[in-house]
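**Q** Next comes the sequence, and after it the predicted model I'd like to discuss.
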Amino acid sequence: MNVEKPIKVNKSDKTKLKKENFLTALQRNLGHISRSCESSNISRATYYKWLKDDEEFKESVEASWEGLVDHVEHQLLTKINKGDTTAMIFFLKTKGKDRGYSERQEFEIIKPIEDITFDEI
């Protein structure tokens with residue numbers, strides 16, 4: 001009689017698998033950390049510990065986030081190409097500030113604040 005022995009998985013392999021599951025969940029949940037932790041059955045504390053202790057994991061999380069930003073930028077540009085005025089205004093207010101598309105003024109102070117008098121403003 002041939003009895004198969006169960007495969008033993010060490011703690012390191014289990015953690016690696018949990019991290020991979022979390023990263024998959026993070027993409028599926030569009031970067032929502034709580035939902036990703038919940039669906040991959042880990043605590044937020046575990047997520048933050050991995051983030052702090054594992055540079056490769058941290059880089060994967062950051063890459064996932066950048067992928068999401070790319071996706072949203074693409075969606076915005078798609079709306080702009082379809083003539084969505086609101087999307088155009090948003091784009092210009094965020095990316096066209098140097099051309100005057102801003103509702104507020106920004107000032108660069110070139111001397112210490114304590115040396116500026118009210119009359120100079």
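**A** Now that the structure is in, tell me what you want to look at.
**Q** contacts and neighbour counts: CA atoms only from here.
**A** Noted.
**Q** So which residue is dead centre in this protein?
**A** Trp65 (3.4 Å; Cα atoms, centre = their mean).
**Q** Tell me which helix or strand comes right after the helix or strand harbouring that residue.
**A** Using DSSP states H and E, Trp65 sits in helix 55-81. Of the helices and strands lying after helix 55-81 in sequence (DSSP H and E), the nearest is helix 85-95.
**Q** so how far is that following helix off the chain centroid?
**A** For helix 85-95, the distance from its own C-alpha centre to the chain's C-alpha centre is 21 Å (Cα atoms, centre = their mean, to the nearest Å).
**Q** now do stretch 43-58
**A** 15 Å.
**Q** Identify each buried residue in that stretch, please.
**A** Within stretch 43-58, the residues that count as buried by 16 or more other Cα atoms under 10 Å are Tyr47, Trp50, Leu51, Phe57, Lys58.
**Q** Including pLDDT, could the residues you listed go into a markdown table?
**A** Formatted as a markdown table, those follow (pLDDT from 0 to 100):
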| residue | pLDDT |
| --- | --- |
| Tyr47 | 97 |
| Trp50 | 97 |
| Leu51 | 96 |
| Phe57 | 96 |
| Lys58 | 96 |
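**Q** quick revisit: residues touching the residue nearest to the centre of the chain, list them.
**A** Gly31 (Cα atoms under 8 Å, 6 or more residues apart in numbering).
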